[in-house]
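Undergrad: 3D model of this:
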Amino acid sequence: MNQPDLYGQKIINIVGLTFDDVLLLPNFAELKRGAIDITASLTKKIKLQIPLLSAPMDTVTEDKLAIALGKLGGLGIIHRNLTINKQIELVKKVKKEVDLVAASVGVGPDLEDRVEALNDAGCNVLVIDSAHGFSKWVIEATRYISGKFSHLELISGSVATASGAKALIEAGAKALRVGMGPGSICTTRIVAGMGVPQVTAVLETVSIAKKYGIPVISDGGLRFSGDIVKALSCGAATVMTGSLLAGTLESPGKIVTQQGKKYKTYRGMGSIAAMKQGSAQRYGQEYRRGQEKKLIAEGIEGLVPYQGTVEEVVNQLIGGLRTGMYYAGVKNIRELQENTRLIRVTQASLIESHPHDIIIKNESTNKYQ
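TA: Numbers count the residues shown, from 1 in each chain. As a prediction, this is how the structure comes out:
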C-alpha cells in the first residue's frame, strides 16, 4: 500500500489554525494609540467607526444592544427568531436612534415577505443568516435579494472556504460572513465533524474576496481583544461576536444570580430551545410542535458572567485593538492587514502568554483568562 498516495487523496496537507495558534510579530511604532485609525469597511459603500458587529442571536442583539453599539460606531444585527412584525418593531426603534440599521433573514418560506417588510421599515443592511452559506438555498436567496433590492447592502454566509466565498460573491453578496463552528456555544464541529479553524477560514476566504474587493467579516471564536487584532491582520475587515456582548446590560438575555454573582443567559441559535422558537431552518432542519426529539442540536445553552454596559465592554475591546495595532506599528486596518506577520506558537507558549504562577487578587477590566 502506497501510504503517501493514500493520505494525499483524502487528507489536505494544511494545518488548520485558530487564534490561540498564532501571535503577531511586533514592528517599529511611530504613532501613539490615540492617533490610530480604526474605521473599517463593512461593505464597499458603508464605513464603520469601529470594526465590531454583534451577532444576530436571540440572546445577543435586539433593539437596546443595536442602539448602544451603533452609537459607539459599530453595528448590531437584529436577530430573526421573531415574527416579521416584531422584528420590524425592533428595527424601527433602532432607526429612531441611529442611522445605520441591520437585520437578519433566513432562506425559508417567509424570505420574500420579511425582506420586503424590512426594506419598507428603512433597514439599510440585510444579513442572510445560515449555518451553511455554501448551499443552493443561500446562493439563490443572495441572487434574489441582490437583484430585487440592489440598494440594500447584503451580507451573506456563513462560509469557511474559498469556493464558498466565490459562490456567494458571484451571486451578489456585498460582504461575507465567515465562520463555521468557532463560536463558544456552537457544537457543529463536534456534531457534524465539519468546519475550518477560524484563522485558516479567514485567510482562505480573504484570498478570494480581496480579488473582488469584497470585505470579509470574521464571525466567532473571539475570546480576547487580541483575537480581534489577529482576525483583522489575517485580512478580515470587521469582526462579529456574540459571546463577548452576551453578558452586557443591553443584551436580551435574562440576568441570573448564582452564589452572589450575576450572569446572563446565552444560547446558540443551534440549541434546541432556539430551534424550537424558530431557528431550526438556519441549520437545514424543520420543527413541528411536539417533535423536538427529532431536532439535532448544533448549539448549547448556558450562562456568561455579567459584564456591565455595552460601552464598558466595547471600550476594552477597542482599547485592546488599538494596543495591538500600536505594537504592530500600523496606523490603520489596511496596514494591519498588509504589513503584519504571524508566527505559530506551541501550547507552552500559549500558557506563557496568560497570567501564570500567581494568585490573582485584583483583576483588570479587560479579559485575559
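
Undergrad: I'd say Gly106 and Leu82 touch.
TA: No. Applying Cβ atoms under 8 Å, one finds Gly106 not in contact with Leu82, separated by 11.3 Å. In short, each C-beta sits where N, CA and C put it, glycine included.

Undergrad: hang on, Asp37 is in a strand, isn't it?
TA: No. Under DSSP: H, G, I helix; E, B strand; the rest coil, Asp37 sits outside any strand and is assigned coil.

Undergrad: and it, how many neighbours?
TA: Per other Cβ atoms under 10 Å, the neighbour tally for Asp37 reads 14.

Undergrad: okay, helices next: where are they in the stretch 1-150 of the chain?
TA: Secondary structure of the stretch 1-150 of the chain (DSSP state H, counting those that start in this stretch): helices at 3-10, 63-71, 84-97, 111-120, 136-148.

Undergrad: Arg322 is nearest to which of those?
TA: Nearest to Arg322, of all these, is helix 63-71, at 17.7 Å by Cβ to Cβ.

Undergrad: let's see that closest one as PDB, backbone CA atoms only.
TA: In PDB, the C-alpha atoms belonging to helix 63-71 read as follows (Å, rounded to 0.1, in the frame of the first residue of the first chain):
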ATOM      1  CA  ASP A  63     -33.000  47.000  19.900                       C
ATOM      2  CA  LYS A  64     -31.200  48.000  23.000                       C
ATOM      3  CA  LEU A  65     -27.900  46.400  22.100                       C
ATOM      4  CA  ALA A  66     -28.100  47.500  18.500                       C
ATOM      5  CA  ILE A  67     -28.700  51.100  19.600                       C
ATOM      6  CA  ALA A  68     -25.800  51.100  22.100                       C
ATOM      7  CA  LEU A  69     -23.400  49.500  19.700                       C
ATOM      8  CA  GLY A  70     -24.500  51.800  16.800                       C
ATOM      9  CA  LYS A  71     -23.900  54.900  18.900                       C
END
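
Undergrad: contacts for it next, please.
TA: By Cβ atoms under 8 Å, 6 or more residues apart in numbering, the surrounding residues in contact with helix 63-71 are 52, 54, 75-78, 90, 93-94, 97-102, 245, 248, 250-252, 309-311, 314.

Undergrad: buried ones from the residues you listed, can you make that a PyMOL selection?
TA: To isolate the buried ones among those in PyMOL, judged by 16 or more other Cβ atoms under 10 Å, type:
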select buried, resi 52+54+75+76+77+78+90+93+94+98+100+101+102+245+248+250+251+252+310+314
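
Undergrad: doesn't Glu250 belong to a helix?
TA: No. Counting by three-state DSSP, Glu250 is not part of a helix but coil.

Undergrad: report pLDDT for it.
TA: At Glu250, the pLDDT value in this model is 98.

Undergrad: go ahead and confirm it touches Thr309.
TA: Yes. If you go by Cβ under 8 Å, Glu250 and Thr309 touch, sitting 6.8 Å apart.

Undergrad: wait, what's in contact with the nearest residue to Met57 once chain neighbours are set aside?
TA: With sequence-adjacent residues excluded and distances taken as Cβ to Cβ, 6 or more residues apart in numbering, Met57 is closest to Gly242, at 4.9 Å. By Cβ under 8 Å, 6+ apart, Gly242 lies in contact with 54-55, 57, 59-60, 183-185, 220, 266.
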